[in-house]
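Novice: Sequence unavailable; structure follows:
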């Protein structure tokens, strides 16, 4: 059964940034008879700043109360510190994937309980669906804006409370038309930036927080010295420009090695991998269990193999899926092999370009998010 937005307790706490998406979410909720309270997350500790004022103006136009939460200390400790340390170590983190389950949605849920609200909501383009006793995140109708990838780590207790009003909206134009029809001041505003706490270069942001890049070696795939790099934080897997090394042909960053502080350069073909391994995986059907049991996989999911683990069959279970190795990538056909240690080996039919350790790989069957984790190897 999908999420029909027909709920008993009509009090709801909505994450309200002041942008057009959360504004449209509020309008849709009000049309459904919800009593909406907005919650603005101050992640920078700038009380009274421009972003907060925008949220306050929007709440006033909507005619709803607004709660402002200074979450800057928690955000710094959980999200920003992880972001900086991962980049310094040669990983490519996605801070939204960390923030959503640990800060944003958790604070929404806590505030809902304080306010006696039965539900929480955001302006994300995604849906949810309950099959049996398991809630799944589901792709949005608007595939161009789909954000299900960002929500794959949400736990069951959050999904149960969550309402996603924009999940069924077919296009961003419809969102803007709704805001225009209600004379909202932000109806034509630009989309918000992908990482809310960055104003410019991520490497400059990290250095401004006291992290000093450590120069090291550029090497080729055979380990031959090619030159000197300016610190791992200045590079990402797949990068071609601004490397500061001339080899007479186009070269790309193939790998960032935090262990020995080396940047491996190679040809474009070296970026393609059919096998991607992830750790810290989550699966909706697992609940709070620490390890995967093949018998826990619900019957509605297709399974390739659930045979007994052995030397000949190293997998607990193999599930056909579509894997998405970064937010902007297409989901491609693969087999999701769950290993006894909880890691997942994704084997793609078509090799994937530039899977980056630290990014998430998210798995789908049809429109349902069936699992995901952080890329560790390829």
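Specialist: Ah, there it is. Everything numeric here is computed off the predicted structure, so don't read it as measured data.

Novice: Count the residues that sit near the closest residue to residue 116 other than its chain neighbours.
Specialist: Here the nearest residue to residue 116 in space, its sequence neighbours aside, is residue 11; by Cβ to Cβ, 6 or more residues apart in numbering that works out to 6.2 Å. Backbone N, C-alpha and C define where each C-beta goes, glycine included. Neighbour count for residue 11, taken as other Cβ atoms under 10 Å: 15.

Novice: Tell me the secondary structure at the residue most central in space within the chain.
Specialist: In the chain, the residue lying closest to the centroid (Cα atoms, centre = their mean) is residue 150, at 2.6 Å. At residue 150 the chain is in helix, as set by DSSP: H, G, I helix; E, B strand; the rest coil.

Novice: Just to check, it is in contact with residue 98?
Specialist: No - between residue 150 and residue 98 there is no contact under Cβ atoms under 8 Å: 10.4 Å.

Novice: Could you confirm residue 275 falls within a strand?
Specialist: Yes - per three-state DSSP, residue 275 lies within a strand segment.

Novice: Let me see the contact set for it.
Specialist: Counting by Cβ atoms under 8 Å, 6 or more residues apart in numbering, residue 275 makes contact with 345, 346, 347, 348, 378.

Novice: and what of residue 223?
Specialist: Applying Cβ under 8 Å, 6+ apart to residue 223 gives no contacts.

Novice: ok, now how distant is it from residue 340?
Specialist: 33 Å (Cβ to Cβ, to the nearest Å).

Novice: what's the answer for residue 117, then?
Specialist: Residue 117 is 42 Å from residue 340, by Cβ to Cβ.

Novice: cool, and residue 208?
Specialist: 43 Å.

Novice: before we move on, what about residue 214?
Specialist: Distance of residue 214 to residue 340, given as Cβ to Cβ: 36 Å.

Novice: Repeat that for residue 54.
Specialist: 50 Å.

Novice: who's more crowded, these two?
Specialist: Ranked by neighbour count (other Cβ under 10 Å), residue 54 and residue 340 place residue 54 first, with 18 against 11.

Novice: Got the confidence number for the residue nearest to the more buried one when sequence neighbours are not counted?
Specialist: With sequence-adjacent residues excluded and distances taken as Cβ to Cβ, 6+ apart, residue 54 is closest to residue 18, at 3.6 Å. Reported pLDDT at residue 18 in the predicted model: 90.

Novice: ok, residue 18 - contacts?
Specialist: 40, 51, 54, 55, 56, 57, 58, 186.

Novice: wait, isn't the last one in contact with residue 58?
Specialist: Yes - because the distance of 6.2 Å satisfies Cβ under 8 Å, residue 186 is recorded as touching residue 58.
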